[in-house]
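Engineer: let's see this in three dimensions:
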Amino acid sequence: MSYQPIEIKSLQPLKDFVIVADMNFQERFTFGGILLPGDDGKSAGIRPRWARVYAVGPEQKDVKVGQFVCVAHGRWTRGVKIKDHTGVHVIRRVDTNDILLVSDEPVTDDTLSSAL
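Structural biologist: Residues are numbered from 1 along each chain as shown. Okay, the predicted model is just below:
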């Protein structure tokens, strides 16, 4: 069953909440050529994930929209598919206490190849 994205014009999180998009759960290849299957919702994929900050609440002082955050495994909500003026996104709220790293540039997992 596929759901249509929710169309939004604007989104303002409450308090210090952080909303992210572009979290990757797809299959990956190691440099040695081993396929690591998609791991969304599986215990086999336990690892922190990078995501792009989509929106922040008015009390959030540590991260800004457009930055990239590394979030401890499982410290995010299920995704909600939305459509805005830039396209379709899957957004999630992350636990602000479990943001491990912040970057102004996109970050990739260097232990994996780009063979996909």
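Engineer: list the contacts of Glu105.
Structural biologist: Phe68 (C-beta atoms under 8 Å, 6 or more residues apart in numbering). All C-beta atoms are positioned from the backbone trio N, CA, C, and that covers glycine.
Engineer: for it, give me the pLDDT.
Structural biologist: pLDDT, the model's per-residue confidence, is 92 for Glu105.
Engineer: tell me which element it falls in.
Structural biologist: Secondary structure assignment for Glu105, by DSSP states H and E: no helix or strand.
Engineer: quick one: it from Trp50, how far?
Structural biologist: 11 Å (C-beta to C-beta, to the nearest Å).
Engineer: which neighbours do the two have in common?
Structural biologist: With C-beta under 8 Å, 6+ apart, Glu105 and Trp50 have common neighbours Phe68.
Engineer: which secondary structure elements does the host helix or strand of Ile19 sit against?
Structural biologist: Element membership for Ile19 (DSSP H and E) is strand 18-21. In this structure, strand 18-21 makes packing contacts with strand 49-56, strand 68-71, strand 87-94, judged by 3 or more C-beta pairs under 8 Å, 6 or more residues apart in numbering; DSSP states H and E.
Engineer: quick one, which of those is nearest to Phe25?
Structural biologist: Taking C-beta to C-beta, strand 49-56 is the member of those nearest to Phe25, at 7.9 Å.
Engineer: give me the sheet partners of the closest one and which way each runs.
Structural biologist: Note on strand 49-56: by DSSP bridges, its sheet partners are strand 18-21 (antiparallel), strand 68-71 (antiparallel).
Engineer: would you indicate which residues of that strand are buried?
Structural biologist: By 16 or more other C-beta atoms under 10 Å, the buried positions in strand 49-56 come out as Arg49, Trp50, Ala51, Val53, Tyr54, Ala55, Val56.
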